[in-house]
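Student: What shape does this take:
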Amino acid sequence: MAGASSPIKRLAAILDAVAASPSGLALKEIADAIGLPMATTHRMIHSLVDIGYVEGGSGRATFTIGPRLLRIFHLAFDTDTLATLVEPALRAQTEDLGIAAYLVQFKDSRIDLIHTTMPVHPSHTIMHPGDAFPINASAAGKVLFAHQPRERQLEELKKPLVAYDDLTLTDHEAILADLDAVKARGYGMSDEELDRGVLAIACPVELEKIGVIYSVGALGLKARMLADRDVPEIAARIARTAAEIKALLEPLRRSGEAS
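Tutor: This next block holds a predicted model:
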């Protein structure tokens, strides 16, 4: 058993060494740090590169933690701690727009609501985002799936699609075209597609190396939301929140950048 676990321990040692140096380590530096021959280190580091746990090689002089491992870290992050981190940014958005703000997280098989802020002294009916973020009807669902590979989108479309309203898209080609438009525009929108009279707008939080696994949104009664602002203005305010949350959650800094 001890011998069988040795390769796993070596791989873990490589990951520990690479993670401790955000600017990256050269192959020889990794070999020296864990006390393995260069040939063994080369073979093992490239097995980690192949599965996305480490990034580097192919002309790059150094190795860094890869997107797959960073994604795992975020998916395992404690929800309560994450909610505490993003609360100030979401709260500021709620106070500016006067409507609910929320953050969701993409977990491949589902989309989870992480945190919501509501107006402290609401002057009118307040909407809550709920816990359903379908690919074809929700602003956050559209944003998150718009930034996934086409094959992942097609996989999601194999599931039964609900027509929540007569405005809800259920045609696959129309949904894919909508996702492309969302990605190009920079924000997603659910314009009475999930609930009659309700407008939701969401923006992506794009993390370095990982991509988009978070989305920030706002929703409320459509007539009130658009009474003194238009959709691009609201989307721009949400994008500011997304940028603030990106700065909070960015797992790695580029070499030489202030932490």
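
Student: Now do stretch 30-40: distance from first to last residue.
Tutor: 11 Å (C-alpha to C-alpha, to the nearest Å).

Student: now the strands for the stretch 151-259 of the chain?
Tutor: 188-191, 198-207, 211-221 (DSSP state E, counting those that start in this stretch).

Student: what's the closest of the ones you listed to residue 117?
Tutor: Ranking the strands of the stretch 151-259 of the chain by proximity to residue 117 (C-beta to C-beta) places strand 211-221 first, at 9.9 Å. To be clear about C-beta, it is placed using only N, CA and C from the backbone, and glycine gets the same treatment.

Student: what's the spacing between that closest one and its chain's center?
Tutor: 10 Å (C-alpha atoms, centre = their mean, to the nearest Å).

Student: how big is the angle separating that strand from strand 198-207?
Tutor: If you take axes from the mean of the first three to the mean of the last three C-alpha atoms, to 10 degrees, strand 211-221 sits at 160 degrees to strand 198-207.

Student: Could you list every helix and strand in contact with strand 211-221?
Tutor: If you count contacts as 3 or more C-beta pairs under 8 Å, 6 or more residues apart in numbering; DSSP states H and E, strand 211-221 packs onto helix 67-75, helix 79-97, strand 100-106, helix 139-146, strand 198-207, helix 231-249.

Student: before we move on, the earlier item: the strands of the stretch 151-259 of the chain into a markdown table, with extra columns for mean neighbour count and distance to residue 77?
Tutor: Shown next, in a markdown table, are the strands of the stretch 151-259 of the chain (neighbours: other C-beta atoms under 10 Å; distance: least, C-beta to C-beta, whole Å):
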| stretch | mean neighbour count | distance to residue 77 |
| --- | --- | --- |
| strand 188-191 | 22 | 23 |
| strand 198-207 | 25 | 12 |
| strand 211-221 | 25 | 11 |
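
Student: can you redo those strands as TSV with mean pLDDT and distance to residue 9?
Tutor: Shown next, in TSV, are those (pLDDT from 0 to 100; distance: least, C-beta to C-beta, whole Å):
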stretch	mean pLDDT	distance to residue 9
strand 188-191	97	44
strand 198-207	96	29
strand 211-221	95	29
